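Engineer: Give me a model of this one.
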Amino acid sequence: MKFALNLIGGIAVVLAIVGMFLPLLPTTPFLLLASACFARGSTKLHNWLLSNRLFGEYIRNYEQGRGIPLRGKVVALAMLWASIGYSAYSVGSTALIALLVSIAIGVTIYLCVFVPTLRTA
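Structural biologist: Got it, this is the predicted structure:
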């Protein structure tokens with residue numbers, strides 16, 4: 001089981017890195033997935049992720065309940081709605097469009113209501 005968690009976490013890190021360069025691939029969800037998998041699969045990998053100079057602080061702030069910076073929320077929501085809009089435009093099924101929009105609304109509510117906005121000093 002630990003091997004599977006570490007494998008999924010590793011794949012999530014790779015996808016997060018790719019997402020830093022591809023506008024429609026989200027980075028944050030993959031980093032959070034990797035952190036959750038590593039926390040249960042490997043203390044060493046989890047500590048590596050938390051001490052990473054690029055995204056360690058971001059993950060630590062989220063895991064410790066301090067939240068996400070306002071800029072991060074705005075970028076995440078803009079990318080979310082742009083990708084949902086493009087996807088809704090591309091698919092012809094009303095049911096799929098309703099599902100996509102429902103997911104986007106759920107994520108938007110989660111980010112705006114349940115995830116604190118990190119205030120920088």
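Engineer: can I see the domain layout of the protein?
Structural biologist: Annotated domains of the chain cover 1-66, 68-121 [automatic domain parsing].
Engineer: Quick check: the gap between the residue nearest to the spatial centre of the chain and Met79.
Structural biologist: When the chain is reduced to its mean C-alpha position, the nearest residue by C-alpha atoms, centre = their mean turns out to be Pro29, at 1.7 Å. The gap separating Pro29 from Met79 is 11 Å, by C-beta to C-beta, to the nearest Å. Backbone N, C-alpha and C define where each C-beta goes, glycine included.
Engineer: In contact with Arg60, which residues are there?
Structural biologist: Arg60 sits next to Leu50 when contact means C-beta atoms under 8 Å, 6 or more residues apart in numbering.
Engineer: for this structure, which spans come out with low pLDDT?
Structural biologist: Using pLDDT under 70 as the threshold, the predicted model of the chain has low-confidence ranges 23-24, 121.
Engineer: can you count the residues close to the nearest residue in space to Ala4 that is not next to it in sequence?
Structural biologist: Nearest non-adjacent residue to Ala4, counting by C-beta to C-beta, 6 or more residues apart in numbering: Gly41, 7.8 Å away. Per other C-beta atoms under 10 Å, the neighbour tally for Gly41 reads 20.
Engineer: next one: Ser87
Structural biologist: The burial count assigned to Ser87 is 15, neighbours taken as other C-beta under 10 Å.
Engineer: Find the helix or strand that it is a member of.
Structural biologist: Element membership of Ser87 [criterion: DSSP states H and E] is helix 70-90.
Engineer: Show me where this protein has its helices.
Structural biologist: With DSSP state H, the ranges of helices along the chain come out as 2-19, 28-41, 43-50, 56-63, 70-90, 94-109.
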